[in-house]
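# Provided below are the primary sequence and the corresponding predicted coordinates.
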Amino acid sequence: MRKPALLLTALVTGLGGLLVAPAAAQAAPVVTTLPFANPADVVSSGDRVFISGGRDEKQIVVTDAAGTITATVDGLDGPTDLELSHDRRTLYVALPRANAIAAFDTQTLVLSARYPTGAGTCPDKLAFGGRHLWFGYGCEAWQGEVGRVDLARPFSVVATRLTGISFFTPPLPATAARNGSVLFVGQQSLSPWTGYSFAIGATGALTKVSQTDHGSVGSDLWDAALDPTGETVYTASSTPSAAQSFVTAALTKAGRTYDTGAGPNAIELNPGGSRLAVGSDAPYGPDVFVFGVGGTAVARFELGTILRPGGLAWAPDGRRLYAIGTAQLHVLPVPAGVSVGA
């Protein structure tokens, strides 16, 4: 039997050695039951949290920052990946069953735009890059590719087949908050996986910069996150049993790793890029780990359920993590102490 949700201690190095922040000083994690079994993604705009139901559902659940359900967005055709604009005023939703991406106002929950991506595209993964909304798409094996919505153009022009690479499944794009000229794209559902970094031109054209070496990665890439500058990409894959980091300009060798004890399946940087949250699909033991990017352990959490792939999101202020498991949203309070490397 798995343990109930538990916040373990934060570890901070002080003059007297290791100082352990008492668990009682932290608010308890909160668990909210969701109306669907297999949530696909979660994002936080600050006062609101959005959880998508997945390809077999028609709903996005909206909660407040504490995890209380306050609204739903209904009538959607299989909502999967979610992405927020940098100002957190627009929520983008991938609708693979509708061959479209929808945009909603995060305060009014009103549909503000809908972007058809073309028949037979099935857009499934999103990454917001300021002017461009990138999407990984593909309905059949080896039909995966990368597309973009040019949000600065009249009528938001959509383009597809941008990399010239055939991906086994919809590829995973990742962008940097403060650098709109770099894009990471990961090949999923293969062992070993492959990652690519691209330079983004003024018109949105992609030029390949680097590619991973099979000996430096692991199996089955689940998630990836770029630091705000775009210089480093962090990855979560079934093997090794640690999150990895790579320099985007030279992806051939892995850098610092972050031990999780089991295969990571989710990874997310806090908005400032100082802390890294890593999720694991471990059947026993902690499911969510928080590290300073320098490698110091900050906190770990046991959810009591299996974390969904890619199912982590930071609150904009960095005080909470949101994690989705089977039919559940977990609100995890993160220790405020500064760790080495943060």
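Good, I have the coordinates.

# gap between residue 117 and residue 178?
As judged by CB to CB, to the nearest Å, residue 117 and residue 178 stand 27 Å apart. No exception for glycine: its C-beta is placed from N, CA and C like everyone else's.

# And these two? Which one has more around it.
Taking other CB atoms under 10 Å, residue 117 and residue 178 do not tie; residue 117 has more neighbours (23 against 12).

# what residues are up against the more buried one?
99, 100, 101, 123, 135, 137, 147, 158, 160 (CB atoms under 8 Å, 6 or more residues apart in numbering).

# again, but for residue 130
So residue 130 contacts 86, 180 (CB under 8 Å, 6+ apart).

# One more: residue 243?
Counting by CB under 8 Å, 6+ apart, residue 243 has contacts 234, 235, 236, 257, 258, 260, 264, 267, 276, 278.

# what about the closest residue to the fifth one other than its chain neighbours, which helix or strand?
The reference is to residue 258. Spatial nearest neighbour of residue 258, excluding adjacent residues (CB to CB, 6 or more residues apart in numbering): residue 243 at 4.2 Å. If you go by DSSP states H and E, residue 243 is part of strand 242-247.

# What strands flank that strand, and is each parallel or antiparallel?
strand 232-239 (antiparallel), strand 250-259 (antiparallel) (DSSP bridges).

# so which of these is the most packed in?
With neighbours taken as mean count of other CB atoms under 10 Å, the strands paired with strand 242-247 reach their highest mean count in strand 232-239, at a mean of 24.

# Next, the residues that contact that one from outside, please.
With CB under 8 Å, 6+ apart, strand 232-239 has contacts from 174, 184, 186, 191, 193, 195, 197, 217-227, 243-248, 251, 255, 263-267, 269, 276, 278-279.

# any idea how far the residue nearest to residue 258 is from residue 265?
10 Å.

# What does the pLDDT read for the residue lying closest to residue 117 once chain neighbours are set aside?
Nearest residue to residue 117, sequence neighbours excluded (CB to CB, 6+ apart): residue 123, at 4.8 Å. For residue 123, the pLDDT comes out at 98.

# Kindly report the same for the one 5 residues further on.
Note on residue 128: pLDDT of 98.

# who touches the closest residue to it other than its chain neighbours in this structure?
For residue 128, ignoring the flanking residues on the chain, the nearest one in space by CB to CB, 6+ apart is residue 83 at 4.8 Å. Listed by CB under 8 Å, 6+ apart, the contact partners of residue 83 are 43, 91, 92, 126, 127, 128, 133.
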